[in-house]
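J.: Based on what follows, work out the 3D shape:
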Amino acid sequence: METGLITIFFSLMATYLILFGLSIYAHKKNSFKLFSHSGWAEEMPTLFLTMILGIILWGIIPFSIWGYQTSINVIIGQEPPLLHQFLVVFFSGFLAFKIGIKQSEILSLNLPSSFSGQEKPKDYYIQSYVYYRILYLLAYEFWFRGILLVTLVKHLQLVPAIFINIILYSLLHFISDKREFRLCFPFGAYLCLLCWWIGAAWPAMLIHLSLSLSYELNFVLMKRIKYQKI
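T.: Prediction:
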């Protein structure tokens with residue numbers, strides 16, 4: 001293995017392992033996301049620390065190391081997408097949005113008992129969470145479907161590159177909801193193939209944001225309406 005590849009590999013794994021360890025801790029504290037089937041996040045400092053470190057380790061640092069132009073090329077690609085490629089991404093983003101809305105409605109209608117007696121987080125935390133969550137997901141996909149995927153495809157064939165990407169991606173969700181963990185495999189594979197096909201990471205960013213924010217914001221909105229009625 002080339003010295004340069006070894007350096008790249010260890011730098012990527014170092015950032016991954018730090019976030020992996022912090023994610024496990026946040027999951028155990030029920031503070032990896034604003035809410036889950038276990039109820040609202042219990043420790044806001046842990047929740048925001050996870051997102052801030054993710055933004056730094058998966059976004060700012062790789063962007064600085066790879067340089068502005070290379071990072072921009074990884075994100076938006078060296079050539080604009082063709083019309084049919086854009087339509088595929090648009091449809092995928094719209095489908096992800098609809099799935100997120102539907103899943104939030106299902107959770108709201110079948111609310112776990114863990115939410116009983118819990119107060120909804122203050123609006124300040126919710127608003128701050130949305131801002132940090134957007135930046136976190138952008139950094140997340142820049143690392144997974146950008147830096148990592150480009151590096152693996154460059155030094156390996158496409159299939160093993162996607163396989164490694166999916167394994168690392170799925171492990172972050174291993175201790176969360178089992179259904180979410182299982183869905184990581186097809187979802188991760190689709191995002192990898194789509195980004196490889198278009199030659200950019202922005203499709204994964206758009207689709208992941210559409211899925212996550214529609215799910216979380218719609219749930220919070222429905223809970224707010226419920227609290228107001230009470």
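
J.: Please count neighbours and contacts with C-alpha atoms only from this point.
T.: Noted.

J.: In contact with the spatially most central residue of the chain, which residues are there?
T.: Nearest residue to the geometric centre of the chain (C-alpha atoms, centre = their mean): L137, 4.4 Å. With contact set as C-alpha atoms under 8 Å, 6 or more residues apart in numbering, L137 has these partners: 205, 208-209.

J.: Among those residues, name the ones in helices.
T.: Counted as lying in helices by DSSP state H, out of these, are 205, 208-209.

J.: Specify which member of the residues you listed is nearest to T151.
T.: M205 (18.0 Å; C-alpha to C-alpha).

J.: which one is S71 nearest to, not counting chain neighbours?
T.: F63 (5.7 Å; C-alpha to C-alpha, 6 or more residues apart in numbering).

J.: For that neighbour, grab the count of nearby residues.
T.: The number of residues packed near F63 is 21, by other C-alpha atoms under 10 Å.

J.: do H173 as well
T.: As a measure of burial, H173 has 20 neighbours, counting by other C-alpha under 10 Å.

J.: wait, isn't it in contact with F181?
T.: Yes. Taking C-alpha atoms under 8 Å as the definition, H173 is a contact partner of F181 at 5.3 Å.

J.: pLDDT weak spots in the chain?
T.: Applying pLDDT under 70 to the chain flags residues 1-5, 112-114, 116-117, 177, 223-230.

J.: any idea how far the residue nearest to the centre of the chain lies from L191?
T.: Remark: distance between L137 and L191 (C-alpha to C-alpha, to the nearest Å) = 14 Å.

J.: same deal with H173?
T.: Using C-alpha to C-alpha, H173 is found at 16 Å from L191.

J.: now do L135
T.: Distance of L135 to L191, given as C-alpha to C-alpha: 18 Å.

J.: higher neighbour count, the two?
T.: Higher neighbour count among L135 and L191: L191, with 24 against 18, using other C-alpha under 10 Å.

J.: Pull the contacting residues for the closest residue to that one other than its chain neighbours.
T.: Spatial nearest neighbour of L191, excluding adjacent residues (C-alpha to C-alpha, 6+ apart): A204 at 5.5 Å. Residues near A204 by C-alpha under 8 Å, 6+ apart: 141, 145, 191-192, 194-195.

J.: Looks like I76 contacts W196 (just checking).
T.: No. I76 is beyond contact range of W196, at 11.9 Å (criterion: C-alpha under 8 Å).

J.: can you list contacts of stretch 68-82?
T.: Here stretch 68-82 makes contact (C-alpha under 8 Å, 6+ apart) with 63, 142, 146-147, 150, 198-202.

J.: Can I get the host helix or strand of C192 in PDB? Just the C-alpha atoms.
T.: Element membership for C192 (DSSP states H and E) is helix 178-198. What follows is helix 178-198, C-alpha atoms only, in PDB (Å, rounded to 0.1, in the frame of the first residue of the first chain):
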ATOM      1  CA  LYS A 178     -33.100  -1.800  14.300                       C
ATOM      2  CA  ARG A 179     -35.400  -0.900  11.400                       C
ATOM      3  CA  GLU A 180     -33.300   2.300  10.800                       C
ATOM      4  CA  PHE A 181     -30.100   0.100  10.900                       C
ATOM      5  CA  ARG A 182     -31.500  -2.300   8.200                       C
ATOM      6  CA  LEU A 183     -32.600   0.600   6.000                       C
ATOM      7  CA  CYS A 184     -29.100   2.000   6.000                       C
ATOM      8  CA  PHE A 185     -27.900  -0.700   3.600                       C
ATOM      9  CA  PRO A 186     -30.200   0.100   0.700                       C
ATOM     10  CA  PHE A 187     -30.300   3.800   1.400                       C
ATOM     11  CA  GLY A 188     -26.500   4.000   1.700                       C
ATOM     12  CA  ALA A 189     -26.000   2.000  -1.500                       C
ATOM     13  CA  TYR A 190     -28.400   4.100  -3.400                       C
ATOM     14  CA  LEU A 191     -26.800   7.400  -2.300                       C
ATOM     15  CA  CYS A 192     -23.300   6.000  -3.200                       C
ATOM     16  CA  LEU A 193     -24.400   4.900  -6.700                       C
ATOM     17  CA  LEU A 194     -26.200   8.100  -7.300                       C
ATOM     18  CA  CYS A 195     -23.200  10.300  -6.300                       C
ATOM     19  CA  TRP A 196     -20.800   8.100  -8.300                       C
ATOM     20  CA  TRP A 197     -23.100   8.400 -11.300                       C
ATOM     21  CA  ILE A 198     -23.400  12.200 -11.100                       C
END
